[in-house]
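**Student:** Sequence plus predicted model, see below.
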Amino acid sequence: MRESLENRHEDVWLRVHDVATVQIRARVDDNPVGHHWAHDSWPGARDWRGSSRVSCSE
């Protein structure tokens, strides 16, 4: 195996099952940290409309 593959780090992301989007958003907003601005239409909007400049926007 090549050295570059041997030293590679991979994150495993766990999906959220059986939880509605509304529930996830409420839980995140109840957290003191809140959600990342990339989930808003513009930084600080807190509207969860997504940014067209982010690959995961709606």
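**Tutor:** Sure, I can see it.
**Student:** burial count for the closest residue to His35 other than its chain neighbours?
**Tutor:** In space, and not counting its chain neighbours, His35 is closest to Val28: 4.8 Å by Cβ to Cβ, 6 or more residues apart in numbering. Every residue, glycine included, has its C-beta placed from N, CA and C. Counted by other Cβ atoms under 10 Å, the residues lying close to Val28 total 14.
**Student:** how about the CA coordinates for the helix or strand hosting Val28, as PDB?
**Tutor:** Taking DSSP states H and E as the criterion, Val28 maps to helix 21-30. Output of helix 21-30 as PDB, limited to C-alpha atoms (Å, rounded to 0.1, in the frame of the first residue of the first chain):
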ATOM      1  CA  THR A  21     -35.700  18.600  10.100                       C
ATOM      2  CA  VAL A  22     -37.800  20.900  12.300                       C
ATOM      3  CA  GLN A  23     -36.700  18.900  15.400                       C
ATOM      4  CA  ILE A  24     -33.000  19.100  14.400                       C
ATOM      5  CA  ARG A  25     -33.200  22.900  13.800                       C
ATOM      6  CA  ALA A  26     -35.000  23.400  17.100                       C
ATOM      7  CA  ARG A  27     -32.400  21.400  19.000                       C
ATOM      8  CA  VAL A  28     -29.500  23.300  17.300                       C
ATOM      9  CA  ASP A  29     -31.100  26.700  18.000                       C
ATOM     10  CA  ASP A  30     -31.600  25.800  21.600                       C
END
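**Student:** Thanks again, I'm all set now.
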